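# how would this look folded up:
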Amino acid sequence: MASLFNLKIIACDGVFYDGDCESLIFPALDGEMAIMNHHETFTGVVDIGNIRFKKPDGEWQYAVIADGLITVYPDGSVKVVTYSCERPEDIDTFRAQEALERAQEQLQQKQSRVEYEISNANIARAMARLKGAHYSK
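Below is the predicted model of the structure:
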């Protein structure tokens, strides 16, 4: 049996997952990172994208996650705190496509630096949702 650790993913609307996990792969600022049991203690940044974790039964759980923080505690447990986290089957691809088009239109307009960064983040979220939606099929 593989070594397990406790994983808790908390989004603004509630706890997305709280249970044992064999491995966790999440988007970081410089690519994907993986966590397994006995990982070194650290705190890092989760980027917008797709997260996946292997449950004790061997099944991979996929989700689309917004940016947030991840912490590996000395006892081996892992906590992810994020703005949003959703299952692929819960994603409305029509709405995600509309959000992508709106954000791309906003990006073409003259904007302040803050508005430009918000538009870029909206594009990244919409693209991650569209990419993540295919895991439900």
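# gap between Asp18 and Ile10?
Distance from Asp18 to Ile10, counting by CB to CB, to the nearest Å: 8 Å. For the C-beta atoms, the positions are set from N, CA and C on the backbone; glycine is no exception.
# who has more neighbours out of the two?
The neighbour count for Asp18 versus Ile10, taken as other CB atoms under 10 Å, is higher for Ile10 (16 against 11).
# okay, now the domains of the chain?
5-86, 91-136 (automatic domain parsing).
# quick one: distance of the last one to the chain centre.
Meaning domain 91-136. Using CA atoms, centre = their mean, to the nearest Å, the distance from the centre of domain 91-136 to the centre of the chain it belongs to is 15 Å.
# and the strands in the chain?
In the chain, the strands defined using DSSP state E lie at 5-11, 14-21, 23-28, 31-36, 42-46, 49-54, 60-65, 68-72, 78-82, 85-86.
# and these: which comes nearest Arg102?
strand 60-65 (18.0 Å; CB to CB).
# what does stretch 120-135 contact?
With contact meaning CB atoms under 8 Å, 6 or more residues apart in numbering, stretch 120-135 is reached by 48-50, 62-67, 86, 88, 91, 93, 96-97, 99-100, 102-104, 106-107.
# among these, name the buried ones.
Taking 16 or more other CB atoms under 10 Å as the criterion, what is buried in these is 48-50, 62-67, 86, 88, 91, 96, 99-100, 103, 106.
# so where's this structure uncertain?
Within the chain, the ranges that satisfy pLDDT under 70 run 1-2, 134-137.
# longest helix of it, counting residues only.
Taking DSSP state H as the criterion, the chain has its longest helix at helix 113-132.
# tell me the buried residues in that one?
Ser119, Asn122, Ile123, Ala124, Arg125, Ala126, Met127, Ala128, Arg129, Leu130, Gly132.
# next one: stretch 27-36
So for stretch 27-36, counting by 16+ other CB under 10 Å, buried means Pro27, Met33, Ile35, Met36.
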